[in-house]
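Peer 1: Provided below for reference: sequence and predicted model.
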Amino acid sequence: MKQNFATILLLVIVAVAAFFVVKYLQESTRQTIVPLQHTINAQQTQLSDFLHPTPTIIPDPVTIIHDIQALARLETIQYSVEKVITAETGQGTFSFLFGDKILFVAHGVVIAGIDMSKVTPEDLQYQNGILYVGLPQAEVFVATLDNQKSYVYDRETGWGTQGTQDLETLARQSAEEEILKAAIEDGILVQAQINAEAFLDRFFDALGYDDSVFQTK
């Protein structure tokens, strides 16, 4: 009986000792694996940074201002235009080998109005209670892409080429021209002239000139 009890007690002691040994090994392994995993992750991050580096922009500390010009522009209308541009090269029978094609979604802004610096004292005549105003023709002041909203939607490059380097640049240049063309065809200059006359009519009325007649020079 005593021998059986001693045997059971010995087994319990061995089991407890084994439990603590296993637990110690698990803790030691976990403490070793975690720093190792952190090291592996850090190395992977460094490798990723090396293979795909983040561009560093360093502006030259020297700034050269070539020209300063006073402006007296009365902006009277703004268009927001969206245009889809397709730029391609090497299209044809072997386009799947040497072709390059871009689908560019362009968002642009066109601003037009009157350049009031072109109005001279001779352009203002007050006769018989009527103010005659000679205005220059409306013109486009700004026609540019919104780079934050413009993007390449799709690009198809042939198997045997790495693509035309300046194809996107050409697409952007064409987009600016097309956006300006679309705004002019839609009548932006006509509306700019109408808006300018309406604004100046209220302005001269506030100065005491009730009747104003506008003439385009």
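Peer 2: That came through, no problem.

Peer 1: what are the ranges of the strands in the chain?
Peer 2: In the chain, strands defined by DSSP state E lie at 73-89, 100-115, 124-127, 130-135, 139-145, 151-157, 211-216, listed in chain order.

Peer 1: now the last one against strand 130-135, angle please.
Peer 2: Put plainly, it is strand 211-216. Put simply, strand 211-216 runs at 20 degrees to strand 130-135, going by axes from the mean of the first three to the mean of the last three C-alpha atoms, to 10 degrees.

Peer 1: so which elements touch strand 211-216?
Peer 2: Counting contacts by 3 or more C-beta pairs under 8 Å, 6 or more residues apart in numbering; DSSP states H and E, strand 211-216 is packed against strand 130-135, helix 188-206. Using the backbone N, CA and C atoms, a C-beta is placed for each residue, glycine as well.

Peer 1: same question, the longest one
Peer 2: Here strand 73-89 is seen to pack against strand 100-115, helix 167-185, helix 188-206 when contacts are counted using 3+ C-beta pairs under 8 Å, 6+ apart.

Peer 1: which of the strands of the chain has the lowest average pLDDT?
Peer 2: Mean pLDDT is lowest for strand 151-157 out of the strands of the chain, coming in at a mean of 80.

Peer 1: residues in contact with that one?
Peer 2: With C-beta atoms under 8 Å, 6 or more residues apart in numbering as the test, strand 151-157 has contacts from 84, 99-105, 163, 168, 171.

Peer 1: comparing the helices and strands packed on strand 73-89, which comes out most buried?
Peer 2: Each of the helices and strands packed on strand 73-89 was scored by mean neighbour count; the highest is strand 100-115, a mean of 20, by mean count of other C-beta atoms under 10 Å.
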